[in-house]
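Q: Pasting the sequence and the predicted model now:
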Amino acid sequence: MRRRDERGFAAIELSAGVALLVLPIVLLVVSLPRWSERQGLARAAAREAALVVGLHGWCDEPAAALAVRRVAADAHLEPTTLRLSLDCLPSVPVARGGAVTARVTVDMPAVDVPLIGAAGQWSWTAQHKEPVDRYGSRP
């Protein structure tokens, strides 16, 4: 009976094991901080937008959108990465003592490896409810 030459087989197994088992886990671990960072940005943007409307007493969408764009710019993101929606009618006063809710949706890269790039995308929405100032003046 003839013996087969199996030299170098362990190196192939090791390479395949790393590629199939370890690499997906490393990609997930590298992506997790980006997801957490963007979730925090969406929360901050929703809070800022709701605060602007709550303090003004008017459903001022342009001012709220400006606050969201400032948060995106501070994080070095494209302005279109964060999308705002308010639960009030544009350019209408909000009832004193009421509340306004701002929802900010952020695009999340499925896999984002530094120096290589991003692949895939999903979105996540944060919301913040802010009471409207009871004693604020109206223009």
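A: Sure thing, it's come through.
Q: Following element in sequence after the helix or strand of the chain with the lowest mean pLDDT, please.
A: The weakest-scoring helix or strand in the chain, judged by mean pLDDT, DSSP states H and E, is helix 9-17 (a mean of 77). Sequence order places helix 23-56 as the next helix or strand after helix 9-17, per DSSP states H and E.
Q: Give the other helices and strands that that following helix contacts.
A: Applying 3 or more Cβ pairs under 8 Å, 6 or more residues apart in numbering; DSSP states H and E, one finds that helix 23-56 makes contact with helix 61-74, strand 82-86, strand 99-113, strand 117-131. The way it works is simple: take the backbone N, C-alpha and C, and place the C-beta from them, glycine included.
Q: Spatially nearest residue to the residue nearest the centre of the chain, not counting backbone neighbours?
A: Of all residues in the chain, the one closest to the mean position by Cα atoms, centre = their mean is residue 38, 3.3 Å from it. Of all residues not flanking residue 38 in the chain, residue 106 sits nearest, at 4.9 Å (Cβ to Cβ, 6 or more residues apart in numbering).
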